[in-house]
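Peer 1: A predicted structure for the sequence below; I have some questions about it.
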Amino acid sequence: MMVSEFKPGLDGVPAAQSSISHVDGQKGILEYRGIRIEELAKKSTFLETAYLLIWGELPNKEELALFEREVHQNRRIKYRIRDMMKCFPESGHPMDVLQASAAALGLFYSRRDLNNPAYIRDAVVRLLASIPTMVAAFELMRRGDDPVRPHDELDYAANFLYMLHEEKPDPLAARIFDVCLILHAEHTMNASTFSARVTASTLTDPYAVVASAVGTLGGPLHGGANEEVIGMLEEIGSIENVRPYVLDCIQRKTKIMGFGHRVYKVKDPRALILQNLAEELFAKFGYDKYYDIAQEMERVVEEKLGHKGIYPNVDFYSGLVYRKLGISTDFFTPVFAMARVAGWLAHWKEQIAENRIFRPGQVYKGHHQVEYVHITERD
């Protein structure tokens, strides 16, 4: 049956039935498999949360230990992929590098054996393990340095920070980064997740699925907002400039980066957690003057636009956290992708379990019965 009503961008049109995550935008609730994000941020780890998202339930002690061990054992990447990455231009955007590198994994490991649980688990483990290594490697390669080998004794989050800085991170920094990964791991049917499910519905390999999702996340209307938040805070420069800046944006009807969400009409629950994480980092590792500017922005925007349901989203405070952790601004979105791989893989696995290829209709607006004109007779 063809649906006659056209919805630009499929706005509000259900594209799948899913039990992976749930958002209540009016109450500010985010759940993964029914568990509140606040609970997971406080009590879980990223790999445990990834297991929950992908396999649908929390692992027991033995299951989690095995999963962590498998991921740790697959963190190194093929030297040919590493050599390929060395050929990329230093000026290339890290998201483009990540998309190409994720796709390249499929050249080595793809069998498209989607009916084999062992293949599915192997793909999940390999993608979760390899993506952080590739992200960290390019950060060093573009400076002309060799990548740092993964540290076998460090957990998922600590190892990534180690590969970036070649020193063991402070336990608090590693824990806070792990929570950041949990917060970004999944968020229902956004553009990149939809892209992942559409690609998955063709029964291609999961490496292509993740590469497709990374490409979608790389677009400025989906990813990259936390990069722009940092640029905005630097442009504002001082607390005194906040109100004039916000009023000018309102007058010109331009977007204020890090505020507003298609779903949330209250403050994003992830923004609340990230704000607390930022304060923990500042208390131990030194203050960031831009946090004062951010707080003042939140006050002014709430005063002027709160009645419209415009509040801080996940991108508003995450950049300040990543910045304090020593992550380059243009690597904020690749770090987002590192975490979101868990959600994309959960949707991949859910899609292929009861698959039907996506084939939406269209509303045709062109001409009919147009005659072909020979090239000698065209003006």
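Peer 2: Cool, got the structure.
Peer 1: following the longest helix seen in the chain, which helix or strand shows up next?
Peer 2: If you go by DSSP state H, the chain has its longest helix at helix 117-141. Remark: after helix 117-141, the chain's next helix or strand is helix 156-165, criterion DSSP states H and E.
Peer 1: which residues make contact with the helix or strand following that following helix from outside it?
Peer 2: Using DSSP H and E, the helix or strand that follows helix 156-165 in sequence is helix 171-183. By CB atoms under 8 Å, 6 or more residues apart in numbering, the residues outside helix 171-183 that reach it are 37, 40-41, 44-46, 49, 154-158, 160-161, 169, 270, 273-274, 277, 280-281, 284-285, 314, 318, 321-322, 325, 335, 338-339. Glycine gets a C-beta too; all of them are placed from N, C-alpha and C.
Peer 1: just checking, what packs against the longest helix of the chain?
Peer 2: Packing partners of helix 117-141 (3 or more CB pairs under 8 Å, 6 or more residues apart in numbering; DSSP states H and E): helix 46-55, helix 61-73, helix 79-86, helix 94-109, helix 156-165, helix 206-217, helix 332-353.
Peer 1: who wins for proximity to Tyr245 among the ones you listed?
Peer 2: Of all these, helix 332-353 sits nearest to Tyr245, with 21.4 Å by CB to CB.
Peer 1: What are the buried residues along that closest one?
Peer 2: By 16 or more other CB atoms under 10 Å, the buried positions in helix 332-353 come out as 332-352.
Peer 1: picking up where we left off before, which of the helices and strands packed on helix 117-141 sits closest to Glu371?
Peer 2: When these are compared (using CB to CB), the closest one is helix 206-217, at 39.4 Å.
Peer 1: Mind exporting the C-alpha coordinates of the helix or strand that the closest one is followed by to PDB?
Peer 2: Scanning forward in sequence from helix 206-217 by DSSP H and E, the next helix or strand is helix 225-236. C-alpha atoms of helix 225-236 as PDB (Å, rounded to 0.1, in the frame of the first residue of the first chain):
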ATOM      1  CA  ALA A 225      28.000  20.000  16.800                       C
ATOM      2  CA  ASN A 226      30.200  19.700  19.800                       C
ATOM      3  CA  GLU A 227      33.100  20.900  17.700                       C
ATOM      4  CA  GLU A 228      31.100  23.900  16.800                       C
ATOM      5  CA  VAL A 229      30.100  24.500  20.400                       C
ATOM      6  CA  ILE A 230      33.800  24.900  21.300                       C
ATOM      7  CA  GLY A 231      34.200  27.300  18.400                       C
ATOM      8  CA  MET A 232      31.200  29.300  19.600                       C
ATOM      9  CA  LEU A 233      32.500  29.500  23.100                       C
ATOM     10  CA  GLU A 234      35.900  30.700  21.900                       C
ATOM     11  CA  GLU A 235      34.200  33.300  19.700                       C
ATOM     12  CA  ILE A 236      32.100  34.600  22.600                       C
END
